[in-house]
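Participant: compute the structure for the input listed below.
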Amino acid sequence: MIKHIGIINGSIREKSYSAAIAKAIRPFFPENMVVTEIQINDLPLFNPDFDKDSQERPESYARFRQDVKKQDAIIFITPEYNRTIPAALKNAIEVGSRPTTDIAFNGKPVLIMTQSSGHISGFGANHHLRQALVFLNAIAMPQPEVYLAEIHNVVTKDGEFLKADTAAFLKSVIHNFLGFATRLVG
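Facilitator: Numbering: from 1, shown residues only. Coordinates of the predicted model:
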């Protein structure tokens, strides 16, 4: 049974649209579900040397890895920067990928939501993230894919939907994802 969902916001920007989407979708989860936002903004740049010596390893590495491991499933909500994922999100993925014998994302069902202010809707970011998740042995939900174009016309920065059809679509996506994750995790 899926009880713990982690949301990883790919943007570290204050009042980001990714954070607004995370807030807007919260009502779509059952009341008994624990939805946790997993922070990435305090992670120093990934350096494999940190894991060679636990005395040098930043505390935020251990915290992030544990936060991911505690979840039954993960939702990534991210903008697209330069046709790929933001550097902070890529860094978090690197941190969560080590040690390779204990990858934090291993076996986790994943939902990817990407957004942009333009018409491309984060297509590049979505597919680059899917590619990275293969190595992490995370299982991305194949359908429906979530690409949100012209995000400023979809949600306010305070997390209020501006379009009822998008709210209805994301509610159905969350419902489908919970079913997908339950089938995988049990």
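
Participant: residue 2: what's it in contact with?
Facilitator: Residues counted as contacts of residue 2 (CB atoms under 8 Å, 6 or more residues apart in numbering) are 33, 72, 73, 178, 181, 182, 185. The C-beta positions use only the backbone N, C-alpha and C, and glycine is treated the same way.

Participant: after the lowest-mean-pLDDT helix or strand in the chain, next one along is what?
Facilitator: One helix or strand of the chain scores below all others by mean pLDDT, DSSP states H and E: helix 49-52, with a mean of 87. With elements assigned by DSSP states H and E, the helix or strand that comes after helix 49-52 is helix 59-69.

Participant: mind listing what's buried in that next one?
Facilitator: 61, 64, 65, 67, 68 (16 or more other CB atoms under 10 Å).

Participant: hang on, the third one packs against residue 103?
Facilitator: No. The criterion here is CB atoms under 8 Å, and residue 65 misses it with residue 103 at 9.0 Å.

Participant: could I have the longest helix seen in the chain exported to PDB, CA atoms only?
Facilitator: In the chain, with assignment by DSSP state H, the single longest helix is helix 164-185. The C-alpha trace of helix 164-185 is given here as PDB (Å, rounded to 0.1, in the frame of the first residue of the first chain):
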ATOM      1  CA  ALA A 164     -10.100  23.900 -14.600                       C
ATOM      2  CA  ASP A 165      -9.200  21.400 -17.400                       C
ATOM      3  CA  THR A 166      -5.600  21.300 -16.200                       C
ATOM      4  CA  ALA A 167      -6.700  20.800 -12.600                       C
ATOM      5  CA  ALA A 168      -8.900  17.900 -13.700                       C
ATOM      6  CA  PHE A 169      -6.100  16.400 -15.900                       C
ATOM      7  CA  LEU A 170      -3.600  16.500 -13.000                       C
ATOM      8  CA  LYS A 171      -6.200  15.000 -10.600                       C
ATOM      9  CA  SER A 172      -6.600  12.100 -13.000                       C
ATOM     10  CA  VAL A 173      -2.800  11.800 -13.300                       C
ATOM     11  CA  ILE A 174      -2.400  11.600  -9.500                       C
ATOM     12  CA  HIS A 175      -5.100   9.000  -9.400                       C
ATOM     13  CA  ASN A 176      -3.400   7.000 -12.200                       C
ATOM     14  CA  PHE A 177       0.000   7.300 -10.500                       C
ATOM     15  CA  LEU A 178      -1.300   6.100  -7.200                       C
ATOM     16  CA  GLY A 179      -2.600   3.000  -9.000                       C
ATOM     17  CA  PHE A 180       0.600   2.500 -10.900                       C
ATOM     18  CA  ALA A 181       2.700   2.800  -7.700                       C
ATOM     19  CA  THR A 182       0.400   0.500  -5.800                       C
ATOM     20  CA  ARG A 183       0.800  -2.200  -8.500                       C
ATOM     21  CA  LEU A 184       4.600  -1.900  -8.300                       C
ATOM     22  CA  VAL A 185       5.000  -1.600  -4.600                       C
END
